[in-house]
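Participant: Sequence and predicted structure below; questions after.
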There are 2 protein chains.
Amino acid sequence: MPKRDRKYEILYAIIRDYITTAEPVGSRAIEKKHNLGISSATIRNEMADLEDMGFLIQPHASAGRIPSDKAYRLYVDNFLSLSSLDENLVKEAKEQIESYLGELNSAILKAAEILTKLTSYTAIASLPELSDSGIKDVRLIPIENERIFILVITKKGIVKNAEARLSFSPDPGALERVSNFVNLNLLDSQSGALITNASEKTGQISQMERKILEEILPVIGDVVGTGSQTKPNVYTDGLTEIFNYPEFQEMSKARRFIETMHKQDLLAELVMRTVDAPFGLSIGAENQASELSDYSIMTATYKLDGRPIGTLGIIGPTRMNYEKCMSALVSLTRELSGHLNASIGGKPDE
Amino acid sequence: MPKRDRKYEILYAIIRDYITTAEPVGSRAIEKKHNLGISSATIRNEMADLEDMGFLIQPHASAGRIPSDKAYRLYVDNFLSLSSLDENLVKEAKEQIESYLGELNSAILKAAEILTKLTSYTAIASLPELSDSGIKDVRLIPIENERIFILVITKKGIVKNAEARLSFSPDPGALERVSNFVNLNLLDSQSGALITNASEKTGQISQMERKILEEILPVIGDVVGTGSQTKPNVYTDGLTEIFNYPEFQEMSKARRFIETMHKQDLLAELVMRTVDAPFGLSIGAENQASELSDYSIMTATYKLDGRPIGTLGIIGPTRMNYEKCMSALVSLTRELSGHLNASIGGKPDE
DNA sequence: ATTAGCACTCGATTATGCCGAGTGCTAATA
DNA sequence: TATTAGCACTCGGCATAATCGAGTGCTAAT
C-alpha cells in the first residue's frame, strides 16, 4: 500500500471531516483537529496539489475543499476497515430476522429496515429471485370452474404460486393428469428446467389435457421467470432519512431523490447488475444512471446454498459513512444467508 | 338549500380562487375576476363578516383571506357537482383496469396509479380485505418434510395462501384427512366461519392428525384474519406529487407528509374507518390524526357483490380540487367494482 | 522545506428602505 | 339604509447595501 505519506494523510483527514460535517474543510480546521506537526500554510500547499491531482474540489474561491468521487474511491480502496457497530442493534437484528422463520420475504424486508436503522441511510432490498433454481414439482389445483391454482416447488424447496384462468372448465381429474405429465415429462431431471417444446410427447395425453397444458405452460414460465425474464422486486426503506442530511436542504434535490427511488426499473437494474458480485460499491459518477451521480450505492448479496439469490443495499450521499455501511451490510447479509440456509434447508455455507 | 345569497357567492368565489392559486384572495381580485355587480369595499365588508363567522382566515393583517376548514365543508356540502374529467384518461383507465383480469391486487394498484394521474394528488388504496368472507374450502398440500402449503378458498372464490411448518413430518395421507376434517367439521356451513373450539369432534381423527390440526389452525386463522384481526395492506401512489404544490415549499412540511404516508398503521386505520361508508371526506382538522390536519382525505369503497371490500382514496391539501377528486374516485371505484364482479364472479351490482 | 504574514475573495448574514397588495374606517352618495 | 369612494395604515416580500469571517494564494522570512 503506498498512499501513506503526508499528502494522503491530509486527504484522508479531509475526507473524514467532510463525511461527518458535510461542510467544506479548510486548512486551519485540519491543523487544529488532527495535529500532524504541520502548519496550515503547508497544508494549504498540499491541498492545492491534491486539487490538481483531482482529489479535491473547491466549491468556490474562498471556501474550503470537499473530496471528489476519486478521493472517496481511493479512500475506500486503501483505507477501509470494518468499524464496530452498535452491538445491541446487531443483536436485535439477529433476533428479529430469526423470528421470521419461513417468511422469506418478510425476513428480507425486515433486514432492510434494520439496515436503515443501523446506518441512517436509505436501504434497498431485492427479494430472492429464483428463476434459475430448477423446478422440482408442479401442482395444479382446481379452485372453481375455469380457475386453477398453480403451485411450483423449486429444487431448493421454495414455493411460488399463481392463478390461471382457463378458457373452459376442465374435467375432474384432468388437472391431476396434467400435473403428472408436467412433472414426468416436461422437467429436465437434472436441472429442473421447464421443457416447453416437447410436443412429441403430448401424444400421451388427451385432447383436453393438451389444451390445458397449452394454456398453463406460459403461466408456469412466468412464475419461475423463464421466458420473459422477470425483473426482481425491489423495496426501499428509510426513504425519508435523507431529510436529515444538510445536502438535501434544497427541495429540488430531495424531490429528485425520492422520485428516483420510486423508479422500480432503475432500482431493479441497479440490483441486477450487482447480483454477480458478493460486494459492490459505486461512487457518485461511477453510477451509470445520471440521476444517481450524487450518490454512492453499496450492495451485498445474500446467498442460499452458496449461490447469491438477492441483494441488500444502501444508498446515500457520496460522503456516506462507508465503514459503517460496509459493516452493517456484511453482518446483515451474513445473518440473512445463514438464516435462509437454516430455514429453507440449503447446505450451510460460509 | 340556503347559502345562495351574496355573502356565500363571495365565499365560494374565494374558495375557488384559492383552490387554483393557493394565494390569499383579496377583495379587489374578486371584484375584478367574478363580476358580481358590487364594489371591492362592499366585498370587504362581507369578507369581514365571513371571517367573524369562521369561514375565512387572514394569514396576517395586510393579506387577503383564505378559506377555513369550515368553509370547505360548507362548500362541498352545498356546492359540489361532478366535474367532467379528461375523457381520454378515463377511457384509458377503463382499458388498463380491464387488462388486469384476475390479478386482483394489480388491478387495484393500477387504479391508484390512474387516480394519481387523473387528479395529481397522492392516491391511497387498500387491497381487498376478505376476512369477513366465509371459507369455502381449505387445502393442505405437503411441500417437503415438515413444510405444508395452506390454500384457503373463500366463499367469494378468492384464494389466500400461507406456508406452515410443523414440528414433525406428517405421515402421507394425514394431511388430506386433516383437510377433509376441517372442511367437514370446522366450517360453519352457513357463514363459512372457522370453528376453533370444536374439540369434541376431534375424536374422529388420530393422535397425529389432531397434532397437525393444532399446529395448523392458528395459521389458517391468520390467513383469513380471524383471531388477530389483520390490518389491511395500504398502498400509496404519487407521493411526490405534493412537490408540485406551493404550500409544500417548506422542506419540513414535505418531509412530514412523506413520513406520514409511510406510517402503515395510520393509513390502515384511515382506510378501515371509511370502509363502512361508500364515500367519505374529512377536511383538515376533521381528521383525527393530528399529522393530517392540513390535509383533506377523500375515500370511496369498491365493492364485490354489493359489499365494500376495499378503499380507494385521495389525499391532498385542504384546498384540493374536490370536484375533480370526487369525479375521479366515483368513476374509478365504479369501474373497479364492475371489473371485480365480472372477474371474480360476483353478481352484477350497481 | 516550512511557515508567518497579508491582501484578497466571496458566500452568508444582517440591516435598510421601498413597494404594493390588502385592509378597516369614515364620510359621501344613491 | 346599503353602497361606495377615498384614505391612512399594516406588513410581507424584495432588492440593495454593508458587514463579517472563513478560507485562499502568494511572498518573504526562517
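Facilitator: Sure thing, it's come through.

Participant: C-alpha only now, for contacts and for neighbours.
Facilitator: OK.

Participant: can you pull out the helices in chain A?
Facilitator: In chain A, the helices defined using DSSP state H lie at A:6-21, A:27-33, A:40-52, A:69-79, A:87-98, A:104-119, A:174-185, A:207-224, A:251-261, A:264-274, A:322-340.

Participant: Under the pLDDT cut-off, which ranges of the stretch 101-250 of chain A? List them.
Facilitator: For the stretch 101-250 of chain A, the stretches flagged by pLDDT under 70 are A:101-103, A:129-133, A:189-192, A:194, A:196-200, A:225-231.

Participant: want to throw the helices of chain A into CSV with distance to residue A:148 and mean neighbour count?
Facilitator: Listed next are the helices of chain A as CSV, based on distance: least, Cα to Cα, whole Å; neighbours: other Cα atoms under 10 Å in any protein chain shown:
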stretch, distance to residue A:148, mean neighbour count
helix A:6-21, 56, 18
helix A:27-33, 69, 15
helix A:40-52, 66, 16
helix A:69-79, 53, 17
helix A:87-98, 34, 15
helix A:104-119, 24, 21
helix A:174-185, 9, 17
helix A:207-224, 9, 18
helix A:251-261, 36, 17
helix A:264-274, 30, 18
helix A:322-340, 30, 22
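
Participant: Count the neighbours of the residue lying closest to residue A:246 once chain neighbours are set aside for me.
Facilitator: Using Cα to Cα, 6 or more residues apart in numbering or on different chains and skipping the chain neighbours, the partner closest in space to residue A:246 is residue A:22 (7.1 Å). For residue A:22, the neighbour count with other Cα atoms under 10 Å in any protein chain shown is 17.

Participant: Could you check how far residue A:22 is from DNA strand C?
Facilitator: Using Cα to the nearest atom of the strand, to the nearest Å, we find residue A:22 at a distance of 12 Å from DNA strand C.

Participant: Out of the helices of chain A, which gets nearest to residue B:27?
Facilitator: With Cα to Cα as the measure, helix A:251-261 is the member of the helices of chain A nearest residue B:27 (32.8 Å).

Participant: what's the offset of the closest one from the middle of its chain?
Facilitator: Going by Cα atoms, centre = their mean, to the nearest Å, the spacing between the C-alpha centre of helix A:251-261 and its chain's C-alpha centre is 20 Å.

Participant: related to what we said a few turns ago, so which of the helices of chain A comes closest to residue B:257?
Facilitator: Using Cα to Cα, these put helix A:251-261 closest to residue B:257, at 12.7 Å.

Participant: got the angle between that closest one and helix B:251-261?
Facilitator: Angle, helix A:251-261 to helix B:251-261, by axes from the mean of the first three to the mean of the last three Cα atoms, to 10 degrees: 20 degrees.

Participant: Extract the CA atoms of helix A:251-261 and return them as PDB.
Facilitator: Only the C-alpha atoms of helix A:251-261 are listed here, as PDB (Å, rounded to 0.1, in the frame of the first residue of the first chain):
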ATOM      1  CA  MET A 251     -36.100  20.900  -2.100                       C
ATOM      2  CA  SER A 252     -35.400  20.000  -5.600                       C
ATOM      3  CA  LYS A 253     -32.700  17.600  -4.600                       C
ATOM      4  CA  ALA A 254     -34.800  15.800  -2.100                       C
ATOM      5  CA  ARG A 255     -37.600  15.600  -4.600                       C
ATOM      6  CA  ARG A 256     -35.400  14.100  -7.300                       C
ATOM      7  CA  PHE A 257     -34.100  11.600  -4.800                       C
ATOM      8  CA  ILE A 258     -37.500  10.400  -3.800                       C
ATOM      9  CA  GLU A 259     -38.700  10.300  -7.300                       C
ATOM     10  CA  THR A 260     -35.700   8.300  -8.300                       C
ATOM     11  CA  MET A 261     -36.200   5.800  -5.500                       C
END
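
Participant: near DNA strand C at all, it?
Facilitator: No - judged by Cα under 7 Å from any atom of the strand, helix A:251-261 stays clear of DNA strand C, getting no closer than 15.0 Å.

Participant: That helix packs against which elements?
Facilitator: Here helix A:251-261 touches no other helix or strand, going by 3 or more Cα pairs under 8 Å, 6 or more residues apart in numbering or on different chains; DSSP states H and E.

Participant: ok, residues contacting it?
Facilitator: A:236, A:239, A:242, A:243, A:248, A:266, A:267, A:291, B:240, B:243, B:249, B:251 (Cα atoms under 8 Å, 6 or more residues apart in numbering or on different chains).

Participant: The fourth one touches residue A:250, doesn't it?
Facilitator: No - checked against Cα atoms under 8 Å, the pair residue A:243 and residue A:250 is beyond contact range at 9.9 Å.

Participant: more neighbours, the two?
Facilitator: residue A:243 (18 against 13).

Participant: Residue A:152 versus the more buried one, what's the distance?
Facilitator: Here residue A:243 is placed at a distance of 43 Å from residue A:152 (Cα to Cα, to the nearest Å).

Participant: Residue A:201: what's it in contact with?
Facilitator: By Cα under 8 Å, 6+ apart, the neighbours of residue A:201 are residue A:185.

Participant: what does residue A:210 give?
Facilitator: residue A:202.

Participant: could the helices of chain A be laid out in JSON lines, adding distance to DNA strand D?
Facilitator: Converted to JSON lines, the helices of chain A look like this (distance: least, Cα to the nearest atom of the strand, whole Å):
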{"stretch": "helix A:6-21", "distance to DNA strand D": "10"}
{"stretch": "helix A:27-33", "distance to DNA strand D": "4"}
{"stretch": "helix A:40-52", "distance to DNA strand D": "5"}
{"stretch": "helix A:69-79", "distance to DNA strand D": "16"}
{"stretch": "helix A:87-98", "distance to DNA strand D": "35"}
{"stretch": "helix A:104-119", "distance to DNA strand D": "27"}
{"stretch": "helix A:174-185", "distance to DNA strand D": "70"}
{"stretch": "helix A:207-224", "distance to DNA strand D": "55"}
{"stretch": "helix A:251-261", "distance to DNA strand D": "16"}
{"stretch": "helix A:264-274", "distance to DNA strand D": "36"}
{"stretch": "helix A:322-340", "distance to DNA strand D": "23"}
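
Participant: what does the stretch 101-250 of chain A put close to chain B?
Facilitator: Within the stretch 101-250 of chain A, the residues that sit near chain B (Cα under 8 Å from any Cα of the partner chain) are A:102, A:143, A:144, A:153, A:157, A:163, A:164, A:165, A:240, A:243, A:249.

Participant: Return a selection command, for use in PyMOL, containing the buried ones of these.
Facilitator: The PyMOL selection below is limited to those of these classed as buried (16 or more other Cα atoms under 10 Å in any protein chain shown):
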select buried, chain A and resi 102+143+153+157+163+164+165+240+243
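
Participant: Now, the residues of the stretch 101-250 of chain A next to chain B that are in strands?
Facilitator: Among these, the members found in strands (DSSP state E) are A:143, A:144, A:153, A:163, A:164, A:165.

Participant: For the residues you listed, name the two members farthest from one another.
Facilitator: Most distant of those, by Cα to Cα, are A:144 and A:153, 22.3 Å apart.

Participant: follow-up on the earlier one: looking at the residues of the stretch 101-250 of chain A next to chain B, which two lie furthest apart in space?
Facilitator: Among these, the pair separated by the greatest distance (Cα to Cα) is A:144 and A:249, at 56.0 Å.

Participant: Flag the shaky bits of the stretch 251-350 of chain A, pLDDT-wise.
Facilitator: A:342-350.

Participant: Okay, residue A:276 and DNA strand C: tell me how far apart.
Facilitator: Remark: distance between residue A:276 and DNA strand C (Cα to the nearest atom of the strand) = 42 Å.

Participant: Likewise for residue A:162?
Facilitator: With Cα to the nearest atom of the strand as the criterion, residue A:162 and DNA strand C are 55 Å apart.

Participant: Could I get the contacting residues of that residue?
Facilitator: So residue A:162 contacts A:149, A:150, A:151, A:219, A:220, A:223 (Cα under 8 Å, 6+ apart).

Participant: how close does the closest residue in space to residue A:97 that isn't next to it in sequence sit to residue A:219?
Facilitator: Leaving aside its chain neighbours, residue A:97 sits nearest to residue A:107 (5.5 Å; criterion: Cα to Cα, 6+ apart). From residue A:107 over to residue A:219 the distance is 27 Å, taken as Cα to Cα.
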